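In: quick one, what's the 3D model for this:
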Amino acid sequence: MNAVELRHITKRFGPLVANDNVNLAVGQGEIHALLGENGAGKSTLLKILSRISSPTEGRITLRGRVASLLEVGTGFHPELTGRENVYLNGTILGMTRREIDAKFDAIVDFAGVAKFIDTPVKRYSSGMTVRLGFAVAAHLDPEILIVDEVLAVGDVEFQKKCLG
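Out: Next comes the predicted model:
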């Protein structure tokens, strides 16, 4: 059974067509990448998959819990600490407080921000912010994880950790 199915997805912004009749099937446990030039519509398609945006035409079927990380710091409030943002972002992604409590130490350890967890996120580097955001999304245990170019700001070791 497929975890993701896109059928005849088209997205228009006025006269501009960002996605034109896209069909895609992703089986459970599979990893796929969207590759293309700037402006090809990759991020638009990921926003449709994340249900941030709706297609102009077509049908989407998603089977399972979805977590998406499309922009650095999405769901983070800059005035709140890393700890507070873990709880906020975890809640936004559908985790219960009990789930977050149980996974909190693993999230912080994975992100490598333990020394800064009680510091406001506005003081974090972009790399620290994306590491924490990715760690929260990854520990949601989603069946479907959608990631855009946010890992480009992470260091090579963190990228390996995410993909391993």
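
In: mind listing residues that contact stretch 50-69?
Out: With contacts defined as CB atoms under 8 Å, 6 or more residues apart in numbering, stretch 50-69 is touched by 1-12, 19, 21-22, 28, 44, 46-49, 70, 93-94, 130, 133-134, 137-138, 140-148, 150. All C-beta atoms are positioned from the backbone trio N, CA, C, and that covers glycine.

In: just the ones of those in strands?
Out: In strands, judged by DSSP state E, the following of these are found: 2-12, 19, 21-22, 144-147.

In: so how do I select the buried members of those in PyMOL?
Out: Buried subset of the ones in strands among the contacts of stretch 50-69, written as a PyMOL selection, criterion 16 or more other CB atoms under 10 Å:
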select buried, resi 3+4+6+9+11+19+22+144+145+146+147
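
In: which strand residues bridge the most centrally placed residue in the chain?
Out: By CA atoms, centre = their mean, the chain has its centre lying nearest to Leu69, at 1.8 Å. Beta-bridge partners for Leu69, by DSSP bridges, are Val147.

In: from Phe13, how far out is it?
Out: Distance of Leu69 to Phe13, computed by CB to CB, to the nearest Å: 23 Å.

In: tell me the pLDDT of Leu46.
Out: We have a pLDDT of 94 for Leu46.

In: what stretches of this protein score poorly on pLDDT?
Out: 71-75, 150-154, 163-164 (pLDDT under 70).

In: so what touches the helix ranked longest in it?
Out: Of all segments of type helix in the chain, defined using DSSP state H, the longest is helix 97-111. For helix 97-111, the surrounding residues in contact (CB under 8 Å, 6+ apart) are 82, 86-87, 90-91, 95, 114, 117, 128, 131-132, 134-136, 138-139, 161.

In: apply 10 Å and report the result again.
Out: With contact meaning CB atoms under 10 Å, 6 or more residues apart in numbering, helix 97-111 is reached by 82-83, 86-91, 93, 95-96, 113-117, 128-141, 158, 161-162.

In: over to stretch 23-34?
Out: 1-9, 22, 40-43, 45-46, 49, 58, 60-64, 143-145, 147-148, 163.
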